[in-house]
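> Let me see the structure of the following:
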Amino acid sequence: MRILILFLVACSFQLQAQKSQIEAPLMHSVYFWLKNPNSQSDQQTFEAAIQKLIETNPQGISTYLGKPAATEIRGVVDNSYSYAYFMTFASREAEAAYQTDPTHLRFIEAAEHLWNKVIVYDAVPLSSKN
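Sure thing, here's the model as predicted:
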């Protein structure tokens, strides 16, 4: 009986330690470099505009907005950006609709004067037929 209990406890810990995967057909990753990254006013304006996008856009499944982490400086780490924004979509069609959606266009209109560089990386799962 003790062996069974130890086995069940060990299995429980193993299940808790497993990482969860992001389940989405398309991951849209956007990095923004603000012209004046230390300007509190510019940061507030950008954050208000992107929060409005997050709250009102109908195409995205999930979102994440962040700033560079203070991790170890290494040759492979680029923390020169001001903001990172991730959004998942149900399909490539949903991502395409997002590009012309009024909520996305309003965000660009409200905030594009704040940045000098934007890079987008779109990815699909390895299991996708692309």
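> residue closest to the middle of the protein?
Phe86 (1.7 Å; Cα atoms, centre = their mean).
> give me the number of residues near the residue nearest to it when sequence neighbours are not counted?
Once flanking residues are discounted, Phe86 sits nearest to Tyr64: 4.3 Å by Cβ to Cβ, 6 or more residues apart in numbering. Where C-beta positions appear, they are placed from N, C-alpha and C, glycine not excepted. For Tyr64, the neighbour count with other Cβ atoms under 10 Å is 12.
> Equivalent analysis for the one 3 residues further on, please.
Lys67 is flanked by 13 other residues according to other Cβ under 10 Å.
> how much space between it and Lys52?
According to Cβ to Cβ, to the nearest Å, Lys67 and Lys52 sit 18 Å apart.
> where's the residue nearest to the centre of the chain, which helix or strand?
Assigned by DSSP states H and E, Phe86 belongs to strand 83-89.
> partners of that strand, with directions?
Counting by DSSP bridges, the strands paired with strand 83-89 are strand 26-34 (antiparallel), strand 62-66 (antiparallel).
> average pLDDT for the shortest one?
Averaging pLDDT along strand 62-66 yields 95.
> ditto for the first one
For strand 26-34, the mean pLDDT works out to 96.
> what do you get for stretch 122-130?
Stretch 122-130 comes out at a mean pLDDT of 79.
> swap in stretch 41-55?
Averaging pLDDT along stretch 41-55 yields 98.
> for Thr71, phi and psi?
For Thr71, the backbone dihedrals are phi -90, psi 170 (criterion: degrees, to the nearest 10).
> So which residues of this protein form helices?
According to DSSP state H, the chain carries its helices in the segments 2-17, 40-56, 92-100, 102-111.
> If you drop the residues flanking it in sequence, what lies closest to Lys117?
Distances taken as Cβ to Cβ, 6+ apart put Trp33 closest to Lys117, at 4.0 Å, once the chain neighbours are dropped.
> Quick one: neighbours of that neighbour, just the number.
A total of 15 residues lie near Trp33 under the criterion other Cβ under 10 Å.
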